[in-house]
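[1] The sequence and its predicted three-dimensional model are supplied below.
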Amino acid sequence: MSMMSIRAATPRDRDAIRLVEEHAFGQPVEAGLVDALVASGDVLAELVAEDDGAVVGHILFSRLFVEQDGDRFPAVALAPLAVEPSFHGTGIGGALVREAHIRLKDAGEKLSVVLGDPAYYGRFGYDRSRAALFESDYQGEALQALAWGDAPESGRLVYAPAFGGF
Ligand SMILES: CC(C)(COP(=O)(O)OP(=O)(O)OC[C@H]1O[C@@H](n2cnc3c(N)ncnc32)[C@H](O)[C@@H]1OP(=O)(O)O)[C@@H](O)C(=O)NCCC(=O)NCCS
């Protein structure tokens, strides 16, 4: 029987993470974003899922600021999330999201933002209406937010510079 486990990513996982991202998205863009976020030091939480010692899933959260009236509120951005295609639908994506949320909440984070399918992210508490008032180039139905405490409901979303290149 296979054993799935989740742990923090380490520098030795970089090649395996790149492959999972490329396989999941079918293109190198997201893997490149991951490398750029790591290189710029903007990563807040990065986990991998292992099955029998092989990396089969990956999730990354980077720093995102909500800027309003000269204030800068630190939030987090979930991107990307990837699971090796042959493991889709086995609960790995959900396990990665839930475990990362626990760690981020414990670390005192108050707000997470994601760009993705509401039919998927809604199950983790992400809400389209919670993000509707943010100013963002990504504003639209796919932009959702999840608050764990007091956090702004409006303001401009400023992503890590690495997102600008993608
Ligand atoms: C999205 C992804 C990470 C989900 O990983 P996973 O391990 O298959 O997810 P889980 O097993 O936890 O959840 C599977 C459930 O999510 C649903 N689901 C998966 N992708 C979905 C999507 N894009 N929209 C809606 N539902 C989706 C499945 O139908 C399944 O539903 P069920 O629980 O009712 O059967 C994975 O499909 C993936 O790597 N996709 C390609 C990369 C990608 O799109 N990443 C997200 C970008 S925002």
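    Arrived safely.

[2] ok, the closest residue to the ligand within the chain to A9 distance?
    Per C-beta to the nearest ligand atom, G93 is where the chain lies closest to the ligand, at 2.5 Å. C-betas here are computed from N, CA, C, even on glycine. From G93 over to A9 the distance is 16 Å, taken as C-beta to C-beta, to the nearest Å.

[3] Report the buried residues of the helix ranked longest in the chain.
    Longest helix in the chain by number of residues (criterion: DSSP state H): helix 92-106. If you call a residue buried by 16 or more other C-beta atoms under 10 Å, then helix 92-106 has these buried ones: 92-93, 95-97, 99-101, 104.

[4] Of those, just say which sits nearest to F124.
    V97 (5.0 Å; C-beta to C-beta).

[5] Identify the residues contacting the helix or strand containing D15?
    Here D15, judged by DSSP states H and E, is contained in helix 14-25. Contacts to helix 14-25, defined as C-beta atoms under 8 Å, 6 or more residues apart in numbering, come from residues 9, 28, 30-31, 34-35, 38, 48, 54-58, 80, 82-85.

[6] Any part of that helix near the ligand?
    Yes. Helix 14-25 lies within reach of the ligand by C-beta under 6 Å from any ligand atom, at 24-25.
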